[in-house]
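Asks: Need coordinates for the following:
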Amino acid sequence: MATTMERLTEGRHGKNETLTRIRRYRYVASCILVWLSDASSSNDNVLADQLSEKLNHPIEFFTDRDECLDFISNTHDEKIFLILSEQLSKEIATIVHDIPVVHSIYILVSDHQTESGNTSCSKSYFKFQHLSGDISMMHKALKKNIKLVSYNYNAASTTILSPADLGSESEQDKLDAMFMYCQLLKEIFLGMEHDAEDAKRQLAEFCKREYLGNVAGLDIINEFINKYTKESAIRWYTRDAFIYRMLNKSLRMHDIEAINKFGFFIKDLYCQLQESNIHLTVKKFRVYRGQE
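Replies: Residues are numbered from 1 along each chain as shown. You can find the predicted model right below:
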């Protein structure tokens, strides 16, 4: 009979369902909230739904330990925030703690334990943090850390082609080739003619598939369909919503097919930035990377 570690390594349990769950994060999120509940904790599901709504972020909820471990083992590009009861944390601490994609592990404890910091696992494993069962405190703690991880992720360099795609040239040759390909791709996007409504519809359909089940996210996509104009490209890109997240992540993943769906938007954004630059009167000003 396979051990838990073997199941974690092989990812055999419910593989199709596991990959379907992971697929919806491909372009949408830089971190995933995973809640592994003790079967005896009947209130956890309600708390998870409330927390998901307050954070505007889906939560993968599991009551089967092996299914949860399979999900973690098949996640590669995102960071996982794992929520556990103290009993479960004792059972799987040694298994999940050193997995690179697991960023933080939150132990659900009483308010008294949270204040005293008197949990056994937190003394031995640095990724463990205490998490109160109060929904407001849970929201506050997770929102802060999700924001920090997402900012660090999105602040990383974004390129269209990776050096590995460019052969065995010297580093300088690789950079020169990468710059050339990026310039060519930019010129292709700028030279393309689009049916604005059809291009917007195709992008929206693609984004809706990625945001399936996320009501708040789908509402913003519908708003984009109804209200987007080429004069509002900068406002949409700087908004903390699906455009910023999905476009940046598709660029980082070097997914040309996905980037192409944003072709009309990239062109609109470029043209609006050019127009803004023409009317800019200040010679020198301060800019900030990232967003609130």
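
Asks: now do the same end-to-end measure for stretch 249-257.
Replies: One end of stretch 249-257 sits 13 Å from the other (Cα to Cα, to the nearest Å).

Asks: From what I see, Phe265 and Ser232 are in contact.
Replies: No. Using Cβ atoms under 8 Å, Phe265 is not in contact with Ser232; the gap is 10.5 Å. Placement of C-beta: from N, CA and C, glycine included.

Asks: Among those two, which residue is more densely surrounded?
Replies: Taking other Cβ atoms under 10 Å, Phe265 and Ser232 do not tie; Phe265 has more neighbours (22 against 14).

Asks: so the more buried one, which of the three states?
Replies: helix (DSSP: H, G, I helix; E, B strand; the rest coil).

Asks: Which of the helices or strands spans Leu269?
Replies: Element membership of Leu269, judged by DSSP states H and E, is helix 263-278.

Asks: Just the buried residues of that helix, please?
Replies: Applying a neighbour-count criterion of 16 or more other Cβ atoms under 10 Å, one finds Gly263, Phe264, Phe265, Ile266, Lys267, Asp268, Leu269, Gln272 buried in helix 263-278.

Asks: Now do it: which elements does it pack against?
Replies: If contacts are counted by 3 or more Cβ pairs under 8 Å, 6 or more residues apart in numbering; DSSP states H and E, helix 263-278 sits against helix 171-191, helix 196-210, helix 233-238, helix 242-252.

Asks: got the angle for it vs helix 196-210?
Replies: 110 degrees (axes from the mean of the first three to the mean of the last three Cα atoms, to 10 degrees).

Asks: that older thread, for Asn56, which of the helices and strands packed on helix 263-278 is the nearest?
Replies: Nearest of these to Asn56, taken as Cβ to Cβ: helix 242-252 at 11.6 Å.

Asks: report the angle between the axes of that closest one and helix 263-278?
Replies: Going by the same axes, to 10 degrees, helix 242-252 makes 100 degrees with helix 263-278.

Asks: Against which helices or strands is whichever helix or strand comes after helix 242-252 packed?
Replies: Next along the chain after helix 242-252, taking DSSP H and E as the criterion, comes helix 256-261. Counting contacts by 3+ Cβ pairs under 8 Å, 6+ apart, helix 256-261 is packed against helix 196-210, helix 242-252.
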